[in-house]
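Novice: curious how this folds, go ahead:
(chains A and B)
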There are 2 protein chains.
Amino acid sequence: MLDVASPHAFDEAVQLEALASGRFRGRITPAYDNMVGPFGGTIAAVMLNAVLSHPQRQGDPVALTVNFAAPIKNAAFEVTACVARTNRSNQHWTIQLEQEGAVAITATVLLATRRASWSATEAQPPQAPPADRLQAFSAQGMPEWVSSYDLRFVQGDLTLDGVERADSVSTLWVRDASPRLLDFLSLTAISDVFFPRVMTRRQVWVPAGTVTMSLYFHADAAALAQQGSAHLLATARASRYHDMYFDQTAQLWGADKSLLAVMHQMVYYRP
Amino acid sequence: MLDVASPHAFDEAVQLEALASGRFRGRITPAYDNMVGPFGGTIAAVMLNAVLSHPQRQGDPVALTVNFAAPIKNAAFEVTACVARTNRSNQHWTIQLEQEGAVAITATVLLATRRASWSATEAQPPQAPPADRLQAFSAQGMPEWVSSYDLRFVQGDLTLDGVERADSVSTLWVRDASPRLLDFLSLTAISDVFFPRVMTRRQVWVPAGTVTMSLYFHADAAALAQQGSAHLLATARASRYHDMYFDQTAQLWGADKSLLAVMHQMVYYRP
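Specialist: Numbering: from 1, shown residues only, chains lettered A, B, ... in the order given. I've put the predicted structure just below:
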């Protein structure tokens, strides 16, 4: 049952206070702390939230790219969102997050108004038993943000047993630990819950951090609302790890087997 | 044999004239004309070229995102590249292209200095006979830019026979029609040679255009130079087409079966 009386921890984490013309102040709450600074998924959601909260907004998100130029501290920051171009059916945005007078995060967002068209899904959802038949991942010893999610691994969890795996494929059911209705912001954060593929592959702790991520939304607001607070089926894998950078690609499927979004990122890892 | 006496058509297309501090003037040549304006791959290469030509540049490209906010005309434009953040081993850039006083293209670039690290490739190259056993794709009736490339389809070419295919997978060998040594700029352009997946899938002409693309480089400058002017093995597919937007994901493999780059894009198509 959803407790609608008090705000959800995620909403508290990504909320923004409007300042003058397209500027916002925010501070991600400790519930989403990562090893250094806040969980990248919440940073991405904050960047999107600046656009969605902007009075000039036209349409819903179709694509979001976030560049993690520097770690941010667990402290206040300012986000500035600017319209780069407004067209008949879509709108392009550029966004910057500054902390202590320096740019730490840059982003671009594409909003659009969609109309019905010929549609099809080519990708196949991964095989998975129902979420309630799987054990919840233990957040013990993990950064704080991990406990903000209910993660149920089908394949490719993190054991850190040091035995290298044949591949880095992870498939898991995921939702907010405290149930919350899915929307663009929470889906954005959820798209980044995958542990760095280099750790899943090697099963050792490797300092790593996303340097850029792009999220493409296939679901519109109504399709997201239909998911309610159910678990999503998420799957990710890497293509190549080479000299300090690897790519990671992911799909986020609804419980109804609709492909809600695809996510790609490039990740730095320490040699 | 390479003719090193005269500049290659691609270099002419993406060249930039330096103006004041981080501003450049360019004009993509008619050899790369698309249906409306120039071929998107050359636009992406121009955005990257502004960073690579900038005196503050540190490192080589690891990631590039280009947002096509508006069609550009076959005319001069200005590109402005700004350093968002310089770190010890990487550097983040934001870039804008303006034409007739309005922003038409935005981009972000990540440069980095790599060091040797644990490395591995998980993705598998597609099966393909040698390029010289395959017929070159006929550019007849196609936009001008298509003749600037030598395309040899293994699978999923464009016949426009109106018979819908089971999927949109295309695999092809590709190089510049007039041989040119591979570098970051030409690889960027080549990553966008795939016809829109909705056309490959449906085999009918559908007005479509990339709205955002992200390219992740696995190869460094030396690895690209090693490819010489050989064909690359390129493969692409869509995950989902939904209400005017589909995503497209691609891999670019060297003739030596090394994964040079992966590319993702979101594409608008007319309902």
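
Novice: select the longest helix from chain A.
Specialist: Once chain A is assigned using DSSP state H, the helix that runs over the most residues is helix A:40-52.

Novice: give me the distance between A:Leu19 and A:Leu111.
Specialist: A:Leu19 is 21 Å from A:Leu111, where distance means Cβ to Cβ, to the nearest Å. No exception for glycine: its C-beta is placed from N, CA and C like everyone else's.

Novice: what of A:Leu181?
Specialist: Taken as Cβ to Cβ, the span from A:Leu181 to A:Leu111 is 21 Å.

Novice: these two: which is more packed in?
Specialist: Shown here are A:Leu181 and A:Leu111; by other Cβ atoms under 10 Å in any protein chain shown, A:Leu111 has more neighbours (23 against 16).

Novice: which SSE is that one in?
Specialist: Using DSSP states H and E, A:Leu111 falls within strand A:102-112.

Novice: what helices and strands are in contact with that strand?
Specialist: Helices and strands touching strand A:102-112, by 3 or more Cβ pairs under 8 Å, 6 or more residues apart in numbering or on different chains; DSSP states H and E, are helix A:40-52, strand A:60-68, strand A:90-99, strand B:60-68, strand B:77-86, strand B:90-99, strand B:102-112, strand B:208-217.

Novice: okay, those in a markdown table with mean pLDDT next?
Specialist: A markdown table is the format used below for the helices and strands packed on strand A:102-112 (pLDDT from 0 to 100):
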| stretch | mean pLDDT |
| --- | --- |
| helix A:40-52 | 98 |
| strand A:60-68 | 98 |
| strand A:90-99 | 98 |
| strand B:60-68 | 98 |
| strand B:77-86 | 98 |
| strand B:90-99 | 98 |
| strand B:102-112 | 98 |
| strand B:208-217 | 98 |
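
Novice: for A:Pro271, find the nearest of the ones you listed.
Specialist: Proximity to A:Pro271 (Cβ to Cβ) singles out strand B:102-112 among those, at 12.3 Å.

Novice: paired strands for that closest one, with orientation please.
Specialist: According to DSSP bridges, strand B:102-112 forms sheet pairs with strand B:60-68 (antiparallel), strand B:90-99 (antiparallel).

Novice: which of these is buried the deepest?
Specialist: strand B:60-68 (a mean of 26; mean count of other Cβ atoms under 10 Å in any protein chain shown).

Novice: export that one to PDB, keeping only CA atoms.
Specialist: The C-alpha trace of strand B:60-68 is given here as PDB (Å, rounded to 0.1, in the frame of the first residue of the first chain):
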ATOM      1  CA  ASP B  60      41.600  12.000 -27.500                       C
ATOM      2  CA  PRO B  61      37.800  11.400 -27.900                       C
ATOM      3  CA  VAL B  62      36.200   8.800 -25.700                       C
ATOM      4  CA  ALA B  63      32.500   9.900 -26.100                       C
ATOM      5  CA  LEU B  64      30.600  12.200 -28.300                       C
ATOM      6  CA  THR B  65      26.900  13.100 -28.200                       C
ATOM      7  CA  VAL B  66      25.300  15.200 -30.900                       C
ATOM      8  CA  ASN B  67      21.700  16.600 -30.800                       C
ATOM      9  CA  PHE B  68      20.200  17.500 -34.100                       C
END
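
Novice: which SS class is the residue most central in space within chain A?
Specialist: The structure's chain A has its C-alpha centroid closest to A:Ala189; by Cα atoms, centre = their mean the separation is 2.8 Å. Assigned with DSSP: H, G, I helix; E, B strand; the rest coil, A:Ala189 falls in the helix class.

Novice: could you find the closest non-adjacent residue to it?
Specialist: Among residues not flanking A:Ala189 along the chain, A:Gly41 sits closest, at 3.5 Å (Cβ to Cβ, 6 or more residues apart in numbering or on different chains).

Novice: which residues does the one you found contact?
Specialist: Listed by Cβ atoms under 8 Å, 6 or more residues apart in numbering or on different chains, the contact partners of A:Gly41 are A:Tyr32, A:Trp145, A:Thr188, A:Ala189, A:Ile190, A:Ser191, A:Asp192, A:Val193.

Novice: follow-up on the earlier one: pull up the gap between the residue nearest to the centre of chain A and A:Asn87, please.
Specialist: From A:Ala189 to A:Asn87 the distance is 28 Å (Cβ to Cβ).

Novice: same check, this time on A:Ser138
Specialist: 48 Å.

Novice: now swap in A:Gly162 and tell me
Specialist: With Cβ to Cβ as the criterion, A:Gly162 and A:Asn87 are 52 Å apart.

Novice: with A:Asp167 instead?
Specialist: Counting by Cβ to Cβ - A:Asp167 and A:Asn87 are separated by 41 Å.

Novice: thinking again about what came up before, looking at A:Gly162 and A:Asn87, which is more packed in?
Specialist: Just comparing A:Gly162 and A:Asn87: by other Cβ under 10 Å the higher neighbour count belongs to A:Asn87, 14 against 9.

Novice: look up the closest residue to the more buried one, ignoring the ones flanking it.
Specialist: What sits nearest to A:Asn87 in space, not counting adjacent residues and going by Cβ to Cβ, 6+ apart, is B:Ala70, at 6.6 Å.

Novice: what bridges to A:Thr80?
Specialist: A:Arg23, A:Gln96.

Novice: what comes up buried for stretch A:178-195?
Specialist: A:179-195 (16 or more other Cβ atoms under 10 Å in any protein chain shown).

Novice: contacting residues around the closest residue to A:Glu144 other than its chain neighbours?
Specialist: Distances taken as Cβ to Cβ, 6+ apart put A:Asp33 closest to A:Glu144, at 4.0 Å, once the chain neighbours are dropped. With contact set as Cβ under 8 Å, 6+ apart, A:Asp33 has these partners: A:Phe39, A:Asn74, A:Pro143, A:Glu144, A:Trp145.

Novice: could you measure from the nearest residue to the last one once chain neighbours are set aside over to B:Ala189?
Specialist: The spatial neighbour of A:Trp145 that comes closest, neighbours along the chain excluded (Cβ to Cβ, 6+ apart), is A:Phe39 at 3.6 Å. Distance, A:Phe39 to B:Ala189, using Cβ to Cβ: 36 Å.

Novice: CA atoms only for the helix or strand hosting A:Trp173, dumped as CSV, please.
Specialist: Counting by DSSP H and E, the element that carries A:Trp173 is strand A:170-176. C-alpha atoms of strand A:170-176 as CSV (Å, rounded to 0.1, in the frame of the first residue of the first chain):
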residue,chain,number,x,y,z
SER,A,170,23.0,-8.8,-15.3
THR,A,171,19.3,-9.3,-15.3
LEU,A,172,17.3,-8.1,-12.3
TRP,A,173,13.9,-7.0,-11.1
VAL,A,174,14.1,-3.5,-9.6
ARG,A,175,11.8,-1.0,-7.9
ASP,A,176,12.1,1.7,-5.3
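
Novice: which residues of the stretch 151-271 of chain A lie near chain B?
Specialist: A:167-168, A:198, A:201-202, A:211-212, A:214, A:216, A:218-220, A:237-245, A:247, A:249, A:251, A:259, A:262, A:264, A:266, A:268-271 (Cβ under 8 Å from any Cβ of the partner chain).

Novice: so which of these are in helices?
Specialist: A:Val198, A:Arg201, A:Arg202.

Novice: got a markdown table for these, with pLDDT too?
Specialist: Output for these, formatted as a markdown table (pLDDT from 0 to 100):
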| residue | pLDDT |
| --- | --- |
| A:Val198 | 97 |
| A:Arg201 | 98 |
| A:Arg202 | 97 |
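
Novice: just the buried residues of those residues.
Specialist: For these, a neighbour count by 16+ other Cβ under 10 Å gives the buried set as A:Val198, A:Arg201, A:Arg202.

Novice: which ones are touching the last one?
Specialist: Put plainly, it is A:Arg202. By Cβ under 8 Å, 6+ apart, the contact list for A:Arg202 reads A:Gly162, A:Glu164, A:Arg165, B:Trp118.
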